[in-house]
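Undergrad: Structure of the sequence below:
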Amino acid sequence: MDLLMFILMTVIPVISHGLTVHGPSGPLVAPLGSSVVLPCSVDQLSSVEGLEVEWRRTDSDTLVHMFQDGESQAEAQQQEYQDRAHFFTDHIQHGNFSLRLDNLRAEDEGQYTCTVNSQQDSGETVVEIKVDNVELLRVSGSSRSISTSVGEDVTLSCSIDSHITPEDLEVSWKKTDEDKDIMVLLYQNNEAFPDSAHERYRDRVELFTDETSKGNFSLRLKSVRTEDIGVYMCQAFAGGLSGNTTVELQQLGFSAVHIMVLILCISASGSALLLCCLIYCRPTTKGLIVQNSSNLNVHLGGSVVLPCHVPPHLLTEDLKVEWRKSTNRSETLVHLYENDEIQAEKQHQDYKERAHLFTDHIKHGNFSLRLDKLTAEDEGQYTCTVHNKKDCKFSAKAKLALKILMSGKFIPLGGSVDLPCQVDKSLLENSLKVEWRRADSETLVHMYEDGKSQAEEENKEYHKRAHLLKKKIKDGNFSVRLEQLRAGDEGVYRCKVYRDQDCVHTTNAELKLGFTVKHSHHTPVPLGSSVVLPFYNDKPSTMEGLEVEWRKKDLKDLVHLYEDGESQADKQQQDYQDRAHLFIEHLKDGNFSLRLDKLRAEDEGQYTCTVLCGSFWNDSQFSTKINLVQNLLDTIFRLQMFLVFFPNVLMFLAFVFWGVSEGSLFETVSCCALYFLRPLMLLWTAPYINNFTAKIKARVKFFSCRIEYIFFSAVFYSVLFKSAWDKSLNYGGFQGVMIKVLFVLVLLFNLIYIIFLLVRFIGKLSQRITTIFNVLAGITFDVLPSLQFILLFYSFGSGRGAFFIVAVLPVFLTVARYDWDVTCGQQMGCSPAVRRSVYLTLMIVINVVMVYFYITALENEKDRVGWACMIAFLQLLWALINFTWSFKWALPRVAAAYLFGSVGVVLLNSVALMIELIMKTVNGEGVMGDMRITVFSSEFIFTLFLMVLLIFEPWITPCLQLCQNAAAAVSDETPAGGSNQNQHTAESHETNPLLNKKNQETQTDSVVTQT
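TA: Just a heads-up that it's a prediction; the model follows:
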């Protein structure tokens, strides 16, 4: 019991009716708000049976408390004494009837009588209380610990019972169970100061402002985290008085946010394990798709190729391929491949000698149809159907739609076309006669005379179909609109204008019939097969002077050139010799298509065909653009690509939720930024990078590491600056100006490098602008680490790195800018081993020294280990990019390194995050304390693997090749190996039996060579 006044225990006996009752020898003095004990006792008590004790106010006979029938009679108390006056119940049997009066008030002053009645005797004593008017500061809180769940809000109770006004009070909330007290919130001068709170509590704590005037200084803690578990003290000060109370927050449970983090981590681990299984699955199959920049239009009399490429897994011995044409009226067999040969005798009569397959390319699944000498009757839908064991396994469709062509435009049948005829306005002063006739038959199409159309004179075939544009006649426009076009409208139309029987103007307009080729879908062409890049146009007026040029956009050399009446094979780019062919015999029909054999992934890109007719380049020149886009046919490859991004996206989200519930701002932003960017590094190291298109592969190789470095660098130093700002360092004077200037420069250099990457990515700006940004980017990349280094030292107020900045940093810059292959290799004649070893030694020394000074600058920081891990990773990433600039490099794409980066790192970090979350929830304290230690340490190890592979590539690649050859030799020398080899051969034949004959011819030689 808390007694604030010394109680005079000198007792004087009072004898009444034979029972001696002892009380105090004088008045009891106690301050307001305190507790006081009113003494009352007897020497001996024979029995409590029949005992009755009463405490009453002497002046008013008010019942303060009563003991009767062996227990306290609280219900008999006067209301003003309820919950304030208490017997010491356990001591009554020993004759102690003292009364404790709590929360002493001014009106409690006066005399109190203690009357004791037993079965034989009775007695009483009088006690006087005097209240001291000196103020008392009494602080109270909750006597029980508080439990809640993470993410919820909780109230920590603190009540101040005092007559002192809030303006004169100073109240502070602190967390007291750690190494040092942490300020949670400060109340002073009648207002709360949120900025006084520690960063972990900032924006999460508040007082009940409307209740402070009543003495309620309870604290609301929002979005509770596991690290909030502990003891909190509410301490009040007023002049020389002080008081405090403590509240314990414990037993936190899992919140919805915690459960979400666990689900995301488990999902990331599962998807990473699935990726691990898929990494060693069968290699991917891929192909290319032909994409045209415009519709394919073919003239009558010309030829067209209708594509049909059968996937390799369907190429079995019982393969049957049909080409059929279907119209509204009938279905016709155009071509048939069955029993491993072409069944020409089963073709429809109209297509014999006109429909052809590419015989030499059937074994690769190319069943495309070339249709020659096109006629109007060829209109319809063509379907290539692949049958396997009487079931349809594959189909491809193409439609030939008959249309009218005029001035390079195709108009569908049933549409309308304007045949132009424009005369000078001066001729309109006289009466004119205009005739439109067919040039081949003189059939009258339309006639205009005496200011109006003479419909009765025109041929019935054109009645109500041919009209002048009446509103334009006043401008001299006598064009005729021909509606409801038919196939029979093909021909030359002549417009003649007469004045006084004299022909003053003649114009011809020609309508041609042709086809528009439409494909129902793009059929992928497997690699190793052949593909036709289609281009059809008007028949050249003469073959003399005809030039056909095929170029690939990203190549300076020709893919194919036809000139001087023959193909110029010697001028072809070497990669396309013996692979790129024109249909020479069909050039005269306007078929300028290119057949590309033995298709490779590198063939992806944009191809341009330019055709020149006549003596000059400006005469009859036309061109087209066709794209070969890579199509990845394997579902496993697509799933692998998905699983490269998916686990990292899940971990990104997990760290977002972790930051909401547990992590600090710096920890969350850093980890989220890394997991947002790290898929770029994984793509850079992927063993299947050659499966990408040429453009994507080039961009991945150049941009991946640079984008990750520059964006993460910007995030890192933004976080660093925010941290320094929050720590309220001295930004006055020269140091303050330097910090701000350096920070602006760092962000500016980051922005310059980002613009440089965008310029390279777009690739359509002028050479001068590109060169300028190349120079600026080079300067930025060299200077940025130094500026970042100086910024860090200024930000954390460390002067111990001055010597390094002045003496060692220039050496670092010199080494960083060094082109080792050119200077040491070409000019000094150093071997690759020497220059790479020296480079590696220097970079290790310099980076170790820099990291050491970084750690020195952070030695007073509580989370210095997390910062050090981030800095080490960033520095290593810079060194890796610098190596790719200093040396001619090739990255050995080792599956083990890729497996560690894509699977191992995700597994490690997801498990670490789950353990950290569970331990924090259960114990209130995690294992690591800062997730950056685990995340960036594992990423550092992964990047270090890549650095080792880059530096030692000249020795690693031959070793890997030697191991593969040794494994193959061991497999061939053992009986089991021979069995496996035969099995593999059988499997390959089963996949493509159309290659059996060729394989059987070469199998013997192959086996001998391997042995």
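Undergrad: CA only for contacts and neighbour counts going forward, please
TA: OK.
Undergrad: All the helices of the stretch 651-800 of the chain, residue numbers only.
TA: For the stretch 651-800 of the chain, helices defined by DSSP state H, counting those that start in this stretch occupy the ranges 665-685, 694-726, 733-762, 767-795.
Undergrad: The longest strand seen in the chain: which residues count as buried?
TA: Determined from DSSP state E, the single longest strand within the chain is strand 502-519. Neighbour counts over strand 502-519 (16 or more other Cα atoms under 10 Å) mark 505-506, 508-519 as buried.
Undergrad: And the average pLDDT for the helix or strand that that strand is followed by is what?
TA: Where DSSP states H and E defines the elements, the next helix or strand beyond strand 502-519 is strand 525-526. For strand 525-526, the mean pLDDT works out to 79.
Undergrad: Could you do stretch 155-167 as well?
TA: For stretch 155-167, the per-residue pLDDT averages 81.
Undergrad: what element comes up after the helix or strand that contains residue 910 heading to the C-terminus?
TA: Assigned by DSSP H and E, residue 910 belongs to helix 905-923. Heading C-terminal from helix 905-923, the first helix or strand you meet, by DSSP H and E, is helix 931-951.
Undergrad: hang on, the earlier thing: what does the longest strand of the chain contact?
TA: Identification of contacts with strand 502-519 by Cα atoms under 8 Å, 6 or more residues apart in numbering yields 295-300, 376, 379, 397-406, 410, 419-421, 423, 487, 489-498.
Undergrad: Find out how far that strand is from the centre of the chain, if you would.
TA: The chain centroid and the centroid of strand 502-519 are separated by 55 Å under Cα atoms, centre = their mean, to the nearest Å.
Undergrad: give me every residue that touches residue 187.
TA: 170, 171, 172, 193.
Undergrad: got the contact list for the most centrally placed residue in the chain?
TA: For the chain, the residue nearest the mean C-alpha position is residue 676 (5.3 Å; Cα atoms, centre = their mean). Residues near residue 676 by Cα under 8 Å, 6+ apart: 648, 649, 652.
Undergrad: tell me which element the spatially closest residue to residue 553 that is not a sequence neighbour is part of?
TA: Of all residues beyond its chain neighbours, the one nearest residue 553 is residue 606 (5.4 Å), with distances taken as Cα to Cα, 6 or more residues apart in numbering. Assigned by DSSP H and E, residue 606 belongs to strand 605-612.
Undergrad: Spell out which strands sit alongside that strand in the sheet and which way each one runs.
TA: strand 547-552 (antiparallel), strand 621-632 (antiparallel) (DSSP bridges).
Undergrad: what's the least confident stretch among those strands?
TA: Among the strands paired with strand 605-612, strand 621-632 scores lowest, at a mean of 64.
Undergrad: Which pLDDT value goes with the residue nearest to the centre of the chain?
TA: So, for residue 676, pLDDT stands at 91.
Undergrad: same deal with residue 655?
TA: For residue 655, the pLDDT comes out at 90.
Undergrad: quick one on the thing from earlier: please indicate which of the contacts of residue 187 are buried?
TA: Using 16+ other Cα under 10 Å, the buried members of these are 170, 171, 172.
Undergrad: returning to what we had before: which one of the buried residues of strand 502-519 is nearest residue 311?
TA: Distance to residue 311 across the buried residues of strand 502-519 (Cα to Cα) is lowest for residue 519, with 17.5 Å.
Undergrad: distance of the closest one from residue 401?
TA: Using Cα to Cα, to the nearest Å, residue 519 is found at 11 Å from residue 401.
Undergrad: low-scoring stretches of the stretch 401-550 of the chain, by residue?
TA: Low-confidence segments of the stretch 401-550 of the chain (pLDDT under 70): 408, 429, 520-523, 541.
Undergrad: Going along the chain, name the strands of it.
TA: Along the stretch 401-550 of the chain, the stretches classed as strands by DSSP state E, counting those that start in this stretch are 409-412, 417-419, 432-438, 444-449, 452-453, 466-468, 480-482, 491-499, 502-519, 525-526, 531-533, 547-552.
Undergrad: so how far is residue 498 from residue 478?
TA: To residue 498, residue 478 is 12 Å away according to Cα to Cα.
Undergrad: Give me the common contacts of those two.
TA: Counting by Cα under 8 Å, 6+ apart, the residues touching both residue 478 and residue 498 are residue 434.
Undergrad: The two - which one has more neighbours?
TA: Shown here are residue 478 and residue 498; by other Cα atoms under 10 Å, residue 478 has more neighbours (25 against 17).
Undergrad: In this structure that one contacts residue 424, no?
TA: No: applying Cα atoms under 8 Å, one finds residue 478 not in contact with residue 424, separated by 10.7 Å.
Undergrad: Endpoint to endpoint, stretch 548-559 covers what distance?
TA: Distance between the two ends of stretch 548-559: 11 Å, counting by Cα to Cα.
Undergrad: cool, and stretch 430-442?
TA: End-to-end distance of stretch 430-442 (Cα to Cα): 26 Å.
Undergrad: swap in stretch 947-958?
TA: Stretch 947-958 has an end-to-end distance of 18 Å (criterion: Cα to Cα).
Undergrad: picking up where we left off before, pull the most distant pair out of the buried residues of strand 502-519.
TA: Greatest spatial distance in these: 505 and 519, 44.2 Å, computed using Cα to Cα.
Undergrad: how about low-confidence regions in the stretch 601-750 of the chain?
TA: Along the stretch 601-750 of the chain, the parts satisfying pLDDT under 70 run over 614-623, 626-637, 663, 690-695, 721, 723-740.
Undergrad: Give me the neighbour count for residue 211.
TA: Residues near residue 211, counting by other Cα under 10 Å, number 12.
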